[in-house]
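Asks: Pasted the sequence and its predicted model underneath.
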Amino acid sequence: MTPPPAFPAADSQYAPGSRILVRDEEWLVRTARPVRDGVMMVKAVGVSEFVQDVEATFSTELETVQAMVPEETRLVQDTSARFRRSRLFLEAVLRRTPLAQSERGLALADRFLLDPLTYQQRPAELALAGLRPQILYSARDSLEGA
């Protein structure tokens, strides 16, 4: 038996879980396998807004697949009041992060950035109260059924 052909180690840049940039959109790598020397087939799922949750397969021979390297991340100072942009970004990340399987409690989304205030909750309570079915029961109805 002959061993499988050796491919360059540079192809390991498409490891499962890494992010790539293809056609100006961001993708999350599911699998990557060599097809022949220097050519990879990369299965990925869309992460950016226009391709979110779309599954696709890219060939490095046909597409320009650029690995997003965390070391090249450029940090930018948040100049918003009380670091509002940073807090909103972190809240968005927390909301799309799944809970651990061992977590048995309820996942509550309130009190992240805002304090629960009565004037915010009361209009919703009134609107929902109008949707509740009401059962009307009178003493006359009970006498007729007896």
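Replies: Alright, I've got the coordinates.
Asks: for the strand ranked longest in the chain, packing partners?
Replies: What stands out as the longest strand in the chain, according to DSSP state E, is strand 25-36. Applying 3 or more C-beta pairs under 8 Å, 6 or more residues apart in numbering; DSSP states H and E, one finds that strand 25-36 contacts strand 19-22, strand 39-46, strand 55-59. C-beta coordinates here come from the backbone N, C-alpha and C atoms, glycine included.
Asks: Centre of the chain to the shortest one, how far?
Replies: Looking back up the chat, that one is strand 19-22. 16 Å (C-alpha atoms, centre = their mean, to the nearest Å).
Asks: for the longest one, same thing?
Replies: Here strand 39-46 shows a centroid-to-chain-centroid distance of 19 Å under the convention C-alpha atoms, centre = their mean.
Asks: Can you give the distance from stretch 60-67 to the centre of its chain?
Replies: 24 Å.
Asks: Least confident secondary structure element in the chain?
Replies: helix 139-145 (a mean of 54; mean pLDDT, DSSP states H and E).
Asks: ok, now how distant is the residue nearest the centre of the chain from S86?
Replies: When C-alpha atoms, centre = their mean is applied to the chain, the residue found nearest the centroid is R96 (4.4 Å). R96 sits 16 Å away from S86, going by C-beta to C-beta, to the nearest Å.
Asks: Report the buried residues of the longest strand of the chain.
Replies: 25-27, 29, 32, 34 (16 or more other C-beta atoms under 10 Å).
Asks: contact partners of that strand?
Replies: 5, 7, 11, 14-21, 40-48, 50-51, 55-56, 58-59, 61, 68 (C-beta atoms under 8 Å, 6 or more residues apart in numbering).
Asks: Mind listing the strands that strand pairs with, and their directions?
Replies: strand 19-22 (antiparallel), strand 39-46 (antiparallel) (DSSP bridges).
Asks: can I get these in TSV with distance to Q101?
Replies: TSV is the format used below for these (distance: least, C-beta to C-beta, whole Å):
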stretch	distance to Q101
strand 19-22	24
strand 39-46	21
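Asks: Out of those, which is closest to L75?
Replies: strand 19-22 (17.5 Å; C-beta to C-beta).
Asks: Extract the C-alpha set from that closest one and format it as PDB.
Replies: Provided in PDB are the C-alpha atoms of strand 19-22 (Å, rounded to 0.1, in the frame of the first residue of the first chain):
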ATOM      1  CA  ARG A  19     -12.900  32.200   9.600                       C
ATOM      2  CA  ILE A  20     -12.200  32.900   6.000                       C
ATOM      3  CA  LEU A  21     -13.000  35.800   3.600                       C
ATOM      4  CA  VAL A  22     -14.500  34.700   0.200                       C
END
